[in-house]
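Asker: could you look at this predicted model? Sequence included:
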Amino acid sequence: MDAWSPPRRKPAARRLALASAVALLLALAAGPAVAAADPVIMAAGDIACSQPGSASPGKCSQVYTSNLALQQQLSPEGLAAVLAIGDEQYDAGTLGNFNAYYDPSWGRLNSVVKPAPGNHEYKVSGAAGYFDYFASKGVQTGGRNGWYSFNIGTWHLVSLNSSNQCTPVSCASGSAQETWLRNDLALNQQPCVLAYWHHPLGSAAKEQDMWQDFYTAGVDFVLTGHIHHYTAPHPINPYGNPDPNGPREAVIGTGGDDANGSGLLKMTLHANSADWQFVGSGASDSGSATCHNGSPGPVTQPQPAPKPPTADFEGTQDPSTLAVAFEDISTAIPQVTSWQWSFGDGTTSTQQAPLHTYAKAGTYKVSLTVTNTGGPATKTADVVVTAPIPKNPPVVVGPTTTDPPTGGGGAGGGTTTTTTTATTATTPAPAPDPSTPGTTTTQNSVNAFAAVRGLGRLTLGSLVKGFPVTVTGPSGRTLTVALTVPASVAKRAHLHQRRLVKVTLTKPGVASLRLGPKTRAALRRSKGKLTAVLAVTGTGVTPYTKTLTLHR
């Protein structure tokens, strides 16, 4: 019997070759290696109406737009984040509205949503509804300040708070938010940077200091909302002028509230670049851009010195009182940032559209100083305040007889004679009640009034966004605010009706006048001057009317 001997081991080189061959065979069997997909984000602002949303594009389409994001989340690319860029909930961002309308639609994205507040959130003091809602869902908001930052892949993202055009949350140099932003950008180590907040630079001049921080730090994109349409990313500098070295500002106010486009901006964040595409209805756009790699842009090129405003104002007296509503109708680019009124009786105001009550009738020398980054400008004019007309003139109704039936003919008929005595009134006395002949009644007439800002430059674009009209009048009565064009304008624009918009208020407040995009397009195409009549009416209310010029 042979003696046992251990098996001979294969040389090490042969063992390694065999292992490599096996690994290669396994790799070939598995197919080509799949690289990890670059992260995808989506963004939009101006989102939920205060009514159940629609799954179709158009007005109140928050369900439609959130469905687009959910489809992306379930796709092979996935969805790293959804940027909700302000005005998440209309008309006021109360906690109740958030829970009733935003939550059933965009609330389904709370696991990936990264919000920023807008001006409609600040219709509630301190944007409490916004912060309380997202805190209850465990969504990051930066505490009650509303600014924070985070990283996705090689990108650094910064969420900021423009509140209501940087009021009450300041964007000025040295403010808490601007100081935080400078420090955050200085500490950033990522090669690509994207910032987002609610207001575009052109609609909030007070953002300029923080835009200078963006420019200096080489920020690549700034995403905004507020304007209810889509504007493709385009590079600008802190003056709002085109500049290839500036951040690319995009406007995506298409999150669902308005019928002027519904959709989101989809961005694929590569290591040193980004691709974008508008997803939804109402716009078609795509593009790509490389990052600045965190390098500061060159020194901003010298810009034309900003010009001071052309100051102008008008005052409209409530005929039943000594109150005058003053309206700033100045024209200014850049926009006016402060107002200083002197009413000619020793009193002043810094409001944009103050309502001032004089002690007595007379002629007052009123001045308005408006200031923008180009400096101040002043307009002074005499304002005549007349003695008020009584609100409740007595109306004496005399005896009434009966008219004969129309076409009746014959004897026994009589004529109706009504004797009315009244003091001067702003409107004709209402017809007396024939069931109470010979009685004395009091005309229950009070005045409606409207304080409208910016009448010197009322554009069709501002009516698409929503033009605010502050209405005063009696409490407990329904007031109707309507904007109507003359028949000649309606005919030139091929409009089916003269009334452009009608808003009903159950108490004094602010009415937002909005045009639909089709009406706006028809008016823009029409030739000749565009005028309209603003009217505030109501039962037992002296109407207020004013003729306005509409600028294309």
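Answerer: Nice, thanks for sending it over.
Asker: quick one, helices of this protein?
Answerer: Counting by DSSP state H, residue ranges of the helices within the chain are 12-30, 62-74, 95-97, 128-136, 176-187, 208-217, 460-465, 487-492, 517-525.
Asker: okay, those in TSV with mean neighbour count, mean pLDDT and distance to Asn241 next?
Answerer: The way it works is simple: take the backbone N, C-alpha and C, and place the C-beta from them, glycine included. Putting the helices of the chain into TSV (neighbours: other C-beta atoms under 10 Å; pLDDT from 0 to 100; distance: least, C-beta to C-beta, whole Å) gives the following:
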stretch	mean neighbour count	mean pLDDT	distance to Asn241
helix 12-30	10	48	54
helix 62-74	20	95	32
helix 95-97	17	94	38
helix 128-136	20	96	33
helix 176-187	16	94	21
helix 208-217	21	92	11
helix 460-465	19	74	20
helix 487-492	15	81	35
helix 517-525	16	79	25
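Asker: Ala116: which of the ones you listed is closest?
Answerer: For the helices of the chain, the distance to Ala116 is smallest for helix 128-136, at 9.7 Å, taking C-beta to C-beta.
Asker: what helices or strands is that closest one leaning on?
Answerer: For helix 128-136, the elements it packs on are helix 95-97, judged by 3 or more C-beta pairs under 8 Å, 6 or more residues apart in numbering; DSSP states H and E.
Asker: what helices and strands are in contact with the helix it packs on?
Answerer: Short answer (3+ C-beta pairs under 8 Å, 6+ apart): helix 95-97 packs on helix 128-136.
Asker: so what touches the helix it packs on?
Answerer: With contacts defined as C-beta atoms under 8 Å, 6 or more residues apart in numbering, helix 128-136 is touched by 88-89, 92-99, 102-103, 110, 115, 117, 121, 124, 140-141, 144, 146.
Asker: among these, the buried ones, what's the ChimeraX command?
Answerer: To isolate the buried ones among those in ChimeraX, judged by 16 or more other C-beta atoms under 10 Å, type:
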select :88,89,93,94,95,97,98,99,102,103,110,115,117,121,124,141,146
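Asker: now the strands for the stretch 451-552 of the chain?
Answerer: Applying DSSP state E, counting those that start in this stretch to the stretch 451-552 of the chain gives strands spanning 458-459, 467-472, 479-484, 499-505, 509-513, 530-537, 541-542, 544-551.
Asker: wait, which of these is closest to Gln72?
Answerer: strand 509-513 (32.1 Å).
Asker: now what about stretch 99-113, what contacts it?
Answerer: Identification of contacts with stretch 99-113 by C-beta under 8 Å, 6+ apart yields 47-53, 62-63, 65-66, 69-70, 73, 79-84, 88-89, 133-134, 137-139, 255-256.
Asker: enumerate the beta-bridge partners assigned to Val471.
Answerer: Ala450, Gly509 (DSSP bridges).
Asker: tell me the confidence at it?
Answerer: Per-residue confidence (pLDDT) for Val471: 74.
Asker: that one contacts Leu479, doesn't it?
Answerer: Yes. In this structure Val471 lies within contact range of Leu479 using C-beta atoms under 8 Å: 5.7 Å.
Asker: picking that back up, tabulate the strands of the stretch 451-552 of the chain (JSON lines), appending mean neighbour count.
Answerer: Formatted as JSON lines, the strands of the stretch 451-552 of the chain follow (neighbours: other C-beta atoms under 10 Å):
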{"stretch": "strand 458-459", "mean neighbour count": "18"}
{"stretch": "strand 467-472", "mean neighbour count": "19"}
{"stretch": "strand 479-484", "mean neighbour count": "21"}
{"stretch": "strand 499-505", "mean neighbour count": "17"}
{"stretch": "strand 509-513", "mean neighbour count": "18"}
{"stretch": "strand 530-537", "mean neighbour count": "19"}
{"stretch": "strand 541-542", "mean neighbour count": "21"}
{"stretch": "strand 544-551", "mean neighbour count": "16"}
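Asker: switch these over to TSV; also include distance to Gly153.
Answerer: Shown next, in TSV, are the strands of the stretch 451-552 of the chain (distance: least, C-beta to C-beta, whole Å):
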stretch	distance to Gly153
strand 458-459	41
strand 467-472	41
strand 479-484	49
strand 499-505	46
strand 509-513	40
strand 530-537	50
strand 541-542	60
strand 544-551	45
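Asker: can you tell me which of these comes nearest to Thr363?
Answerer: strand 544-551 (22.4 Å).
Asker: and that closest one, which strands flank it?
Answerer: Neighbouring strands of strand 544-551 in its sheet, by DSSP bridges, are strand 458-459 (parallel), strand 530-537 (antiparallel).
Asker: what mean pLDDT does it have?
Answerer: 79.
Asker: between helix 517-525 and it, find me the angle.
Answerer: With axes from the mean of the first three to the mean of the last three C-alpha atoms, to 10 degrees as the basis, strand 544-551 and helix 517-525 are set at 70 degrees to each other.
Asker: need the pLDDT of the residue nearest to Gly218 when sequence neighbours are not counted.
Answerer: Using C-beta to C-beta, 6 or more residues apart in numbering and skipping residues adjacent in sequence, the residue nearest Gly218 is His292, 3.6 Å away. At His292, the model reports a pLDDT of 86.
Asker: of all the strands of the stretch 451-552 of the chain, which lies closest to Ala43?
Answerer: strand 509-513 (24.8 Å).
Asker: what residues does the closest one touch?
Answerer: Residues contacting strand 509-513 (C-beta under 8 Å, 6+ apart): 91, 463, 466-471, 481, 483, 500-501, 503, 505.
Asker: for it, list the C-alpha coordinates in CSV.
Answerer: Coordinates of the C-alpha atoms in strand 509-513 are reproduced here as CSV (Å, rounded to 0.1, in the frame of the first residue of the first chain):
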residue,chain,number,x,y,z
GLY,A,509,-60.7,95.3,3.4
VAL,A,510,-58.4,94.7,0.5
ALA,A,511,-59.7,93.4,-2.9
SER,A,512,-57.2,91.8,-5.3
LEU,A,513,-58.1,92.6,-8.9
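Asker: how far does that strand sit from the chain's center?
Answerer: 13 Å (C-alpha atoms, centre = their mean, to the nearest Å).
Asker: how far off strand 467-472 does that strand point, in degrees?
Answerer: Relative orientation of strand 509-513 versus strand 467-472 (the same axes, to 10 degrees): 150 degrees.
Asker: just to revisit the earlier point, same list (the helices of the chain) but as TSV, adding distance to Met42.
Answerer: Below are the helices of the chain laid out as TSV (distance: least, C-beta to C-beta, whole Å):
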stretch	distance to Met42
helix 12-30	32
helix 62-74	5
helix 95-97	23
helix 128-136	18
helix 176-187	23
helix 208-217	22
helix 460-465	23
helix 487-492	41
helix 517-525	23
